[in-house]
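S.K.: Whatever this is, show me its structure:
(2 chains)
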2 protein chains.
Amino acid sequence: MVRTDHVCWSRRNGYRLPKNPEKAIAGTAFDAALGRELHEVIQEAKRMANQIRQSSDLWDLEHYLTQRRKEIDRKYDYRYSQLTDVLGRLLYENRLSEEELRGLREDKMESIRSFAKFLREGAA
Amino acid sequence: MVRTDHVCWSRRNGYRLPKNPEKAIAGTAFDAALGRELHEVIQEAKRMANQIRQSSDLWDLEHYLTQRRKEIDRKYDYRYSQLTDVLGRLLYENRLSEEELRGLREDKMESIRSFAKFLREGAA
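M.R.: Sure thing, here's the model as predicted:
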């Protein structure tokens, strides 16, 4: 089965506002980025489907969906232990703004920025 | 890679009309059924894409495409040795009419009908 349900981070991690405001901020940012990325894939899938003229276009759409699903599954790791790296990557990919992380402790922000920087340097 | 090119039977088997009229009839019928089935998948993919509201709909579309691609790859076997079974199955699935096979030798038609009957009885 290829089906994946992208349940939001907050629900997976079962936190409740305002019990842990830091987790709430991180979870909200994670969910917002995931929602935007899924929206992007939905728009692209609709656009590609609309343009299908022949069978190769059909299998191009399938290939695109498989690739994006695997990429999203890999990227949006729900484990709390991975959160710094996940948010750092989203920052690096401009899928998240620092603004959305406002309220996190400075040491956590440092780890997130540092991972984003690491990825930027690796790509350069 | 999941991409598959559904090149028509005639091109794969390189026959030329009217050198072998039987192969021409069989190849034309094969291509017509394949074309209709691909058209059906294209229409359904467009319909599904149009209805996408959330991410699960997206992965349902991917799953549908993967299943149909595998099924089509299995069903439309291009080898001449498999042609009787392929046409028999298409007849059984009502994807082909006997009318489209008119001109084949009676013994070949018998093999095709016999395979269609075998599948019908297996399904009953």
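
S.K.: So what's the residue count around the residue of chain A found nearest chain B?
M.R.: Ranking the residues of chain A by distance to chain B (CB to the nearest CB) places A:Ala49 first, at 3.3 Å. Quick note: C-beta positions are derived from backbone N, CA and C, even for glycine. Neighbour count of A:Ala49, defined by other CB atoms under 10 Å in any protein chain shown: 20.

S.K.: my read is it is in a helix, agree?
M.R.: Yes. Secondary structure of A:Ala49 (DSSP: H, G, I helix; E, B strand; the rest coil): part of a helix.

S.K.: residue contacts, the spatially closest residue to it that is not a sequence neighbour?
M.R.: Distances taken as CB to CB, 6 or more residues apart in numbering or on different chains place B:Ala49 nearest to A:Ala49, at 3.3 Å, with adjacent residues excluded. By CB atoms under 8 Å, 6 or more residues apart in numbering or on different chains, the contact list for B:Ala49 reads A:Ala45, A:Lys46, A:Met48, A:Ala49, A:Asn50, A:Leu61, B:Leu61.

S.K.: Please apply the same query to A:Arg102.
M.R.: A:Arg102 sits in contact with A:Ile25, where contact means CB under 8 Å, 6+ apart.

S.K.: Tell me the spacing between it and A:Ala29.
M.R.: Counting by CB to CB, to the nearest Å, the gap from A:Arg102 to A:Ala29 is 9 Å.

S.K.: avg pLDDT for stretch A:57-68?
M.R.: What stretch A:57-68 shows for mean pLDDT is 97.

S.K.: Just give me how far it sits from the chain centre.
M.R.: Relative to its parent chain, stretch A:57-68 has a centroid offset of 20 Å by CA atoms, centre = their mean, to the nearest Å.

S.K.: mind listing what's buried in it?
M.R.: By neighbour count on 16 or more other CB atoms under 10 Å in any protein chain shown, the buried set for stretch A:57-68 is A:Leu58, A:Trp59, A:Asp60, A:Leu61, A:Glu62, A:His63, A:Tyr64, A:Leu65, A:Thr66, A:Arg68.

S.K.: near chain B, which of these show up?
M.R.: Counting by CB under 8 Å from any CB of the partner chain, the subset of the buried residues of stretch A:57-68 that neighbours chain B consists of A:Leu58, A:Trp59, A:Asp60, A:Leu61, A:Glu62, A:His63, A:Leu65, A:Thr66.

S.K.: For the fourth one, which non-adjacent residue is closest in space?
M.R.: Spelled out, it's A:Leu61. Nearest non-adjacent residue to A:Leu61 (CB to CB, 6+ apart): A:Met48, at 4.8 Å.

S.K.: Next, count neighbours for that neighbour.
M.R.: Neighbour tally, A:Met48, other CB under 10 Å: 18.

S.K.: which residues touch it?
M.R.: A:Asp57, A:Asp60, A:Leu61, A:Tyr64, B:Ala49.
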